[in-house]
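Participant: structure, please.
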Amino acid sequence: MQIGLYRKLRLKYFISEKRYNLEKFLPEGKKFYCSSARNGLMELIRPLPVKNVLLPAYVPQGIYVPFFREDYKLHYYDVNDDLTLNSKDIENFIIELNITALVVIHYFGYIQDFSSVKQICKKHKVLLIEDCAHVFPCKRSKELNVGSVGDISLFSFNKFLPLPDGAVLCINNTEITTDILYRNSFSNSLAVFLLTINMLMNTLIDNIGKLRHLKKHLIKLNSQIYEKYYHYVNLPKNPVRISRISRYLISRFNYEKLIDDYQQNILLIDKSLRESKLNVPGHYEFGMVLFCIPVIIGKRDDLIYELEKKGIRCTVLEKRWDYAFKNGLSNFPNAASFIKRHCLLPVSLFISQEEAKHIAESVSEIFKNNTNFTQR
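Facilitator: Predicted coordinates for the structure are as follows:
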């Protein structure tokens, strides 16, 4: 596995003879390491007697599923056009709807200040859950208290690292005494296996060269594998321990080097996008480690097609993020607009600085040469 998946990483990041401590970047307090955050979160929200939760209208499956399965009444709030929230609206919803749990999200790794929301939740005795899955734990996130604001916060390691699973739930409220009881799960083991295959396939696709026809078929096959992964990862109803391979690898990455290279890629692409006056929600501060860089554009599919011609694969997070709109709800214009008009540029550790520069230059060139693109 190391030879295939980590060959590109080994010399710079993967140091087998030295142990690195990722936990020093996480909040203080009790921590539960799980295979995925969703089944751990399910256990922690189960004891609440009144089950009314307020979710952002742009919400991921990993947050939606635990509350849905625990029979919570689901309410939603719209985000601002830059994916921040309006604390006054939040307080009004809490009072009117008798909310007992609130979820806030650091979208794509852009760190938000939720201190005012924390005071509101404290005032109304609402459980605050801080989703930090798009934030990689680092010195800057620690300085900004990311993951320390919520009564419960969660981080997802395999969104940044080449791991088949791995998440941690941090308990910041000492009044939460629930202990997580781990269970074995065959379906979760199958999910871990499928995600491993998916990552290996991604490595193959990214290094296949100019064989576009073969690449197209491999991408389609890998998408089917990913769909199967999501099916099996959602089956467990109780927490599952993080896999042995992920536990081993987490302590072997050189995080100082990894974080530094991430930030160099982010700075390069973010600077180019803003110089081109593209619509990038969120403000980047040096030290943040982003999950990806979102761009909002009218003709999204055209941009994705043009980037693919230049060998750049970008993604969208629409499927499994649009639950607020499933029942015909349409009073969330900002979330709806973002879902339909965003695309996400990669900044992962698999990308060299030369590749990051190529992404930045390609996007600028496309907008310069295609005046029919609209950003709004």
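Participant: please enumerate the strands of this protein.
Facilitator: Using DSSP state E, the strands of the chain run over 30-34, 52-56, 73-77, 101-105, 127-131, 152-156, 167-171, 293-296, 342-345.
Participant: compare these and give me the one nearest residue 219.
Facilitator: With respect to residue 219, and counting by C-beta to C-beta, the nearest of the strands of the chain is strand 342-345 at 16.0 Å. Any C-beta I mention is one placed from the backbone N, CA and C, and that applies to glycine too.
Participant: quick one: distance of the closest one to the chain centre.
Facilitator: 13 Å (C-alpha atoms, centre = their mean, to the nearest Å).
Participant: quick thing: my sequence starts at 16, can you match it?
Facilitator: Will do, 16 is the new start, and the previous item becomes strand 357-360.
Participant: Throw the strands of the chain into JSON lines and include distance to residue 206 and mean neighbour count, thanks.
Facilitator: What follows is the strands of the chain, written out as JSON lines (distance: least, C-beta to C-beta, whole Å; neighbours: other C-beta atoms under 10 Å):
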{"stretch": "strand 45-49", "distance to residue 206": "13", "mean neighbour count": "19"}
{"stretch": "strand 67-71", "distance to residue 206": "24", "mean neighbour count": "22"}
{"stretch": "strand 88-92", "distance to residue 206": "24", "mean neighbour count": "18"}
{"stretch": "strand 116-120", "distance to residue 206": "23", "mean neighbour count": "24"}
{"stretch": "strand 142-146", "distance to residue 206": "20", "mean neighbour count": "24"}
{"stretch": "strand 167-171", "distance to residue 206": "14", "mean neighbour count": "26"}
{"stretch": "strand 182-186", "distance to residue 206": "13", "mean neighbour count": "23"}
{"stretch": "strand 308-311", "distance to residue 206": "27", "mean neighbour count": "23"}
{"stretch": "strand 357-360", "distance to residue 206": "23", "mean neighbour count": "21"}
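Participant: can you check which of these gets nearest to residue 321?
Facilitator: strand 357-360 (10.8 Å).
Participant: name the helices or strands packed onto the closest one?
Facilitator: strand 308-311, helix 315-324 (3 or more C-beta pairs under 8 Å, 6 or more residues apart in numbering; DSSP states H and E).
Participant: ranking those by burial, who's on top?
Facilitator: Using mean count of other C-beta atoms under 10 Å, the stretch among these with the largest mean neighbour count is strand 308-311, at a mean of 23.
Participant: for that one, name the packing helices and strands.
Facilitator: Judged by 3+ C-beta pairs under 8 Å, 6+ apart, the packing partners of strand 308-311 are helix 270-290, helix 348-356, strand 357-360.
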